[in-house]
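Visitor: Sequence isn't available, so here's the structure alone:
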Ligand SMILES: CC(C)=CCC/C(C)=C/CC/C(C)=C/CC/C(C)=C/COP(=O)(O)OP(=O)(O)O
Ligand SMILES: O=P(O)(O)OC[C@@H](O)CO
Ligand SMILES: [Mg+2]
């Protein structure tokens, strides 16, 4: 059976540490036509703010996934369709590749493998919190990014390769190279998508575009435009 993200074009990522625009509710964001909601962020994440956002997004008819930035913020909530666990292929420390994961498995006795998948991140914006946090080597050419994508797919059997430009729009040549390098894996692209055009430019290459800050900064109309671009591409 193919994984659900095979059929997705668009994901909205909601950061529990960020505000929503005045007058916008979590329900409004769920109703933008996005294929799935990922709840996660790098800094300021707690079990309590995760729970609050997952509760607010539940029962709006859109599949909900938690994307934890560390083992201690993973929540057990039936409203979650699943857990998308990052592993950062170009991290500076093995802790962010397998170390945190080893600790999670060691500490948590009740992991629900049926609902758990990994995302093979390639972090590309050196100015993003996630790059600092994981000490990622972001100085990568298109051929190196393509090689990481191939390693993720062919050697590590990753179902999702996530090209992460969080906060800035990616280089089309690099996104195209990652797209050419992935065959079985679903290519997620995230970073700097702010309107129809930027969404379309990345959705041309990526299987799934991920929109983050736009939902917090601009709200539902802007997010809807990106949903439209993702389905037009
Ligand atoms: C083993 C478990 C359960 C967790 C470990 C998970 C790992 C490896 C986390 C590394 C960091 C990471 C990839 C977090 C995912 C969320 C993410 C990329 C958020 C976006 O980050 P930024 O945009 O840099 O952050 P802000 O927007 O919050 O500044
Ligand atoms: O916030 P933006 O820049 O849209 O990035 C989306 C997502 O890839 C962040 O993890
Ligand atoms: Mg960000």
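Guide: Perfect, I can see it now. Everything numeric in this text was worked out from a predicted model, so none of it was measured. Ligands and ions are numbered 1, 2, ... in the order given.

Visitor: Whichever residue of the chain sits closest to ligand 3: how many residues sit nearby?
Guide: Nearest residue of the chain to ligand 3 (C-beta to the ion) works out as residue 166 at 4.2 Å. Yep, even glycine has a C-beta here, placed from its N, CA and C like the rest. When neighbours are counted by other C-beta atoms under 10 Å, residue 166 registers 23.

Visitor: Ok, residue 186 next?
Guide: If you count neighbours by other C-beta under 10 Å, residue 186 ends up with 22.

Visitor: Ok, residue 37 next?
Guide: For residue 37, the tally of surrounding residues (other C-beta under 10 Å) stands at 26.

Visitor: that older thread, does the residue of the chain closest to ligand 3 really touch residue 190, like I thought?
Guide: Yes. At 6.3 Å, residue 166 counts as touching residue 190 under the criterion of C-beta atoms under 8 Å.

Visitor: so what sits against both of those two?
Guide: Shared contacts of residue 166 and residue 190, defined by C-beta atoms under 8 Å, 6 or more residues apart in numbering, are found at residue 212.

Visitor: So which residues make contact with the longest helix belonging to the chain?
Guide: Using DSSP state H to assign secondary structure, the helix with the most residues in the chain is helix 220-232. Contacts made with helix 220-232 from outside it, assessed by C-beta under 8 Å, 6+ apart, are listed as 9-10, 12, 24, 28-29, 31-34, 193-200, 203, 208-209, 211, 214-215.

Visitor: mind running it again at 10 Å?
Guide: 8-12, 20-21, 23-25, 28-35, 193-204, 206-211, 214-215, 218 (C-beta atoms under 10 Å, 6 or more residues apart in numbering).

Visitor: The most centrally placed residue in the chain pairs with what?
Guide: Centroid-nearest residue in the chain: residue 210, 6.1 Å away (criterion: C-alpha atoms, centre = their mean). Judged by DSSP bridges, the bridge partners of residue 210 are residue 11, residue 190.

Visitor: Compute the number of surrounding residues for residue 41.
Guide: The criterion is other C-beta under 10 Å. On that basis, residue 41 has 24 neighbouring residues.

Visitor: Could you tell me the per-residue confidence at it?
Guide: What the model reports for residue 41 is a pLDDT of 91.

Visitor: And it, how far from residue 181?
Guide: Using C-beta to C-beta, to the nearest Å, we find residue 41 at a distance of 28 Å from residue 181.

Visitor: List the contacts of the residue of the chain found nearest ligand 2.
Guide: Of the residues in the chain, the one nearest ligand 2 is residue 190, at a distance of 2.0 Å by C-beta to the nearest ligand atom. Under the criterion of C-beta under 10 Å, 6+ apart, the contact list for residue 190 reads 11, 13, 38, 121, 124, 162-167, 170, 202, 206, 208-212.
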